[in-house]
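Enquirer: return a 3D structure for these sequence lines:
(4 chains)
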There are 2 protein chains.
Amino acid sequence: MRLGHITLATVMGQRLVHSWVMARWKPNAPERLAEAALDLFAERGYEATTVAAIAQRAGLTKSTFFRYFADKREVLFGGLTMDQLLAAGIAAAPDSATPLEAVADAFELLGNDVFTPDRRQFSRRRRAVIAANPELQEREALKGLRIGAAMVEALEQRGVPAITARVAAHVASLSLTMAYTRWSEGAEDFADLARRSLTELRAASASF
Amino acid sequence: MRLGHITLATVMGQRLVHSWVMARWKPNAPERLAEAALDLFAERGYEATTVAAIAQRAGLTKSTFFRYFADKREVLFGGLTMDQLLAAGIAAAPDSATPLEAVADAFELLGNDVFTPDRRQFSRRRRAVIAANPELQEREALKGLRIGAAMVEALEQRGVPAITARVAAHVASLSLTMAYTRWSEGAEDFADLARRSLTELRAASASF
DNA sequence: AGAGTGATGTGACCAAGTCTCATCACTGGT
DNA sequence: ACCAGTGATGAGACTTGGTCACATCACTCT
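Expert: Down below sits the predicted model:
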């Protein structure tokens, strides 16, 4: 994003004047698109919302939308890169940590970088929209699989046997889902919720 | 499918004559579409294959395709209704069965009704096509979630506590995936593979 | 014989997604 | 001051997935 000094910028046919900092275009196009999309999805539903309408509300066009998002669904999934964060967190855990302890360490990172309090409201609305639409559930399901696969790989690189890694990653995925649900719907800290759900599941997996 | 006696049938512009049994249309339209689709997906790739091309190879039209399948992807997922089979199997397990034992019983049903030897070749090709395309992976991921949800519900109706049910269902899903992979790629009996993967995972879940 | 019936075909239509090219405010060097 | 980039955006044509209303036509039933 280019910035200049006290200039004029023609944006979407309107002239904008800023006192101190000038932007050639309105900033944060992807963010604006995501918010416009969430608004419209919540108002009219996902199917009844066209990409053109989203772009228009964000003061942009269909072209620009698809420049930032691979498809219409991705506008609700764009920012997140939990795969890498989790992989990094698992890799950084002390050698003495068990698989689930390593996962717990990684979840701390998520609490700091992803599930921050300012995103809770957005996440809550996003969840409601996704819950109402199978197309979006598909995208979320696939993201979940990718996250699980990333955890499996990270655990294997710690020397965890393949099967143990897969079971642990599956349990961790479930734990993540539970913690995320509770986090977005309540007011608690994500890291706390993640710890709690992990211990709950560890206990439950003893009673097969 | 209507049948008559020794008549003529005009099908796709060609006249077909059968000696004993007459069909007004070529039979098994959905099956023919699914096979045509798998052929073309394998040849040219999923994206490069249009629905019109699939329909044409099956001797039908786009309209008919969408009459049988909700969308292009579904042509590879149409037949399976594992949800209900698994739910029924879990419900039918003896009261004394542990969650994973009930799941094991349900897997027997799958071996008899779904993963039969005659479908192995189709499944192998299907898996290869899905592995090559994210859109299809999304659909499969969602089906997996639905199957897991069905197992959770069935387990809860047996009186299994909610959290135990969720963990057990997740482990069962992983087991199902593993067994399915091995079944489609090898030559073994599905029920055997399912039993084996379940015991493997039970053992692995002790070493968190 | 004539009125269904049911699987299929036809064609128009909308929206998702791709692609190529144009625009235009700003930048940086000469 | 000028002029050739540069980069985010727009314009518009095009393909394809998916929907819908309606036509067709061989066969069935009364």
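
Enquirer: would you mind listing what in chain A touches chain B?
Expert: A:98-100, A:134, A:137-139, A:141-142, A:144-145, A:161, A:163-164, A:166-168, A:170-171, A:173-174, A:200-202, A:204-205, A:207-208 (CB under 8 Å from any CB of the partner chain). Just so you know, the C-beta spots here come from the backbone N, C-alpha and C atoms, and that holds for glycine as well.

Enquirer: my guess is residue A:174 meets residue A:202, correct?
Expert: No. Taking contacts as CB atoms under 8 Å, residue A:174 lies outside contact range of residue A:202: 11.3 Å.

Enquirer: how about the residue nearest to the spatial centre of chain A, nearest residue that isn't a chain neighbour?
Expert: Closest to where the C-alpha atoms of chain A average out (CA atoms, centre = their mean) is residue A:80, at 3.5 Å. What sits nearest to residue A:80 in space, not counting adjacent residues and going by CB to CB, 6 or more residues apart in numbering or on different chains, is residue A:114, at 6.7 Å.

Enquirer: likewise for residue A:103?
Expert: Closest to residue A:103 by CB to CB, 6+ apart is residue A:172, at 4.4 Å.

Enquirer: list the contacts for the one you found?
Expert: A:100, A:103, A:148, A:151, A:198 (CB atoms under 8 Å, 6 or more residues apart in numbering or on different chains).

Enquirer: try 10 Å
Expert: Neighbour list for residue A:172: A:86, A:90, A:99-100, A:102-104, A:106-107, A:147-148, A:151-152, A:155, A:194, A:197-198, A:201 [criterion: CB atoms under 10 Å, 6 or more residues apart in numbering or on different chains].

Enquirer: what secondary structure does it sit in?
Expert: Assigned by DSSP: H, G, I helix; E, B strand; the rest coil, the conformation of residue A:172 is helix.

Enquirer: tell me the strands in chain A, going along the chain?
Expert: All strands of chain A, identified by DSSP state E, fall at A:3-5, A:9-11, A:14-16, A:21-23.

Enquirer: verify the stated contact: the residue nearest to the centre of chain A with residue A:139.
Expert: No. At 11.4 Å, residue A:80 does not count as touching residue A:139 under the criterion of CB atoms under 10 Å.

Enquirer: isn't residue A:74 right up against residue A:67?
Expert: No. Assessed by CB under 10 Å, residue A:74 is found out of contact with residue A:67, at 12.0 Å.

Enquirer: closest point of chain A to chain B, which residue?
Expert: Closest approach between chain A and chain B, counting by CB to the nearest CB: residue A:141, at 3.7 Å.

Enquirer: what's the neighbour count on residue A:78?
Expert: By other CB atoms under 10 Å in any protein chain shown, the residues close to residue A:78 number 16.

Enquirer: how about the nearest residue to it, chain neighbours excluded?
Expert: residue A:69 is the one closest to residue A:78 (CB to CB, 6+ apart), at 5.8 Å.

Enquirer: that older thread, can you work out which residues contact both of residue A:174 and residue A:202?
Expert: Shared contacts of residue A:174 and residue A:202, counting by CB under 10 Å, 6+ apart, come down to residue B:167.

Enquirer: more neighbours, these two?
Expert: Neighbour comparison, residue A:174 and residue A:202: the larger count goes to residue A:174, with 25 against 17 (by other CB under 10 Å).

Enquirer: returning to what we had before: show me the contacts for the residue nearest to the centre of chain A.
Expert: The contact partners of residue A:80, by CB under 10 Å, 6+ apart, come to A:110, A:114, A:143, A:147.

Enquirer: pull out the buried residues from those.
Expert: Buried by 16 or more other CB atoms under 10 Å in any protein chain shown: A:110, A:114, A:143, A:147, out of the contacts of residue A:80.

Enquirer: quick one: contacts for the last one?
Expert: This means residue A:147. A:80, A:82-83, A:85-87, A:169, A:172-173, A:176-177.

Enquirer: with residue A:93 instead?
Expert: Residue A:93 sits in contact with A:99, A:101-106, A:108, A:154-155, A:158, where contact means CB under 10 Å, 6+ apart.

Enquirer: burial of residue A:94, as a residue count?
Expert: For residue A:94, the neighbour count with other CB under 10 Å is 8.
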